[in-house]
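Peer 1: here's my sequence, what's the structure:
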Amino acid sequence: MVIASATWELNFPECSSLKEKRSILRSLKDRLRNKFNVSVAETAFQDVHKRAQLTIALVASNGRYAESVLDKMDSFVERNGKALIVSVQKRVH
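Peer 2: This is a model prediction of the structure:
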């Protein structure tokens, strides 16, 4: 059994308010939970309307599968369209 996590620092160039950012993040978090069955939370920049840090955690049977899921989630977040990925940190324990 392995535990994997990914943290994305995101930029929202078109957001003009915290309300708008939170709406986009809520939708993204819900879709990540539903599609990949992971735990997800906003972990930094809660009071900044153009930035966010999103962290996910998952438990998998092996490291190869965990890395595969992390890669798929990376593509999923990238395709979101409203958020630009500034940086990504992935860990498999």
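Peer 1: what is the helix or strand where residue 77 lies packed up against?
Peer 2: Using DSSP states H and E, residue 77 falls within helix 63-78. Contacts defined by 3 or more CB pairs under 8 Å, 6 or more residues apart in numbering; DSSP states H and E place helix 63-78 against strand 2-11, helix 18-36, strand 51-60, strand 84-92. (C-beta placed from N, C-alpha, C; glycine too.)
Peer 1: run the last query once more with 6 Å
Peer 2: strand 2-11, strand 84-92 (3 or more CB pairs under 6 Å, 6 or more residues apart in numbering; DSSP states H and E).
Peer 1: buried set for that helix?
Peer 2: 66, 69-70, 73, 77 (16 or more other CB atoms under 10 Å).
Peer 1: can you give me how far that helix is from the chain middle?
Peer 2: 11 Å (CA atoms, centre = their mean, to the nearest Å).
Peer 1: list the contacts of the residue nearest in space to the middle of the chain.
Peer 2: In the chain, the C-alpha nearest the mean C-alpha coordinate belongs to residue 54, at 4.4 Å (CA atoms, centre = their mean). Residues in contact with residue 54, defined by CB atoms under 6 Å, 6 or more residues apart in numbering, are 8, 42.
Peer 1: can you rerun that using 7 Å?
Peer 2: 8, 10, 40, 42 (CB atoms under 7 Å, 6 or more residues apart in numbering).
Peer 1: want to throw the buried residues of helix 63-78 into JSON lines with distance to residue 92 and pLDDT?
Peer 2: Output for the buried residues of helix 63-78, formatted as JSON lines (distance: CB to CB, whole Å; pLDDT from 0 to 100):
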{"residue": "66", "distance to residue 92": "5", "pLDDT": "93"}
{"residue": "69", "distance to residue 92": "10", "pLDDT": "94"}
{"residue": "70", "distance to residue 92": "8", "pLDDT": "94"}
{"residue": "73", "distance to residue 92": "13", "pLDDT": "93"}
{"residue": "77", "distance to residue 92": "18", "pLDDT": "91"}
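Peer 1: now for the contacts of residue 54: which two are most distant?
Peer 2: 10 and 40 (12.4 Å; CB to CB).
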